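K.L.:
Next come a sequence and a model predicted from it.
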Amino acid sequence: MTINKIIDLVDAQKPNAYEEKTKIAWLDKLDRTAFQEIISAHEEGDESFEGYDEDTDGEMELLIPDEYQDVYLYWMYAMIDFANQEIQRYTNSMIMFNNAYAQFGNWYNRTHMPKQTWIKGAGGRIRR
């Protein structure tokens, strides 16, 4: 899923007046969180994530795979609802987001090897 595709999909499903740069900032916040909490904790994960800003190419692929695009949709819905001060809608959107984000996290944890850490102790080095 690209930045442009998710923004177009959100705009079609939940019309709003927010600028593209604001939506890119919301996507940046979500992908930074997903990278820090989930992706970077695994061996196949990248070492760093540069993030997105208004100068980022709209055709750049987002971090979460297409199968879990609902994570982005519900996140964007929640951010729009929060900005509009529609608290009940925000609460519902966040419930759906948290469920979708947990499903993505569970899948990623099942399919990727966690980083191994070594602990030095009296008995030598052990892998944890």
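P.N.:
Yes, it's here.
K.L.:
Could I get the full set of helices for this structure?
P.N.:
3-13, 20-37, 70-83, 87-111 (DSSP state H).
K.L.:
winner for burial among those?
P.N.:
The highest average neighbour count among those, using mean count of other CB atoms under 10 Å, belongs to helix 70-83 at a mean of 22. (Each C-beta comes from the backbone N, C-alpha and C, glycine too.)
K.L.:
so can I have JSON lines of the helices of the chain showing distance to residue 54 and mean pLDDT?
P.N.:
Listed next are the helices of the chain as JSON lines, based on distance: least, CB to CB, whole Å; pLDDT from 0 to 100:
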{"stretch": "helix 3-13", "distance to residue 54": "11", "mean pLDDT": "97"}
{"stretch": "helix 20-37", "distance to residue 54": "4", "mean pLDDT": "96"}
{"stretch": "helix 70-83", "distance to residue 54": "16", "mean pLDDT": "98"}
{"stretch": "helix 87-111", "distance to residue 54": "24", "mean pLDDT": "97"}
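K.L.:
Nearest to residue 60, out of those helices?
P.N.:
For the helices of the chain, proximity to residue 60 was assessed by CB to CB; helix 3-13 is nearest, at 5.6 Å.
K.L.:
which residues touch the closest one?
P.N.:
16, 20, 23-24, 27, 52, 56-60, 62, 69, 72-73, 76-77, 80 (CB atoms under 8 Å, 6 or more residues apart in numbering).
K.L.:
Return that helix as CSV; C-alpha atoms alone will do.
P.N.:
The C-alpha coordinates for helix 3-13 follow below in CSV (Å, rounded to 0.1, in the frame of the first residue of the first chain):
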residue,chain,number,x,y,z
ILE,A,3,0.9,6.7,0.8
ASN,A,4,-1.2,8.0,-2.1
LYS,A,5,-3.4,4.9,-2.2
ILE,A,6,-4.2,5.0,1.5
ILE,A,7,-5.0,8.7,1.4
ASP,A,8,-7.2,8.3,-1.7
LEU,A,9,-9.0,5.4,0.0
VAL,A,10,-9.6,7.3,3.2
ASP,A,11,-10.8,10.4,1.3
ALA,A,12,-13.2,8.3,-0.7
GLN,A,13,-14.6,6.5,2.4
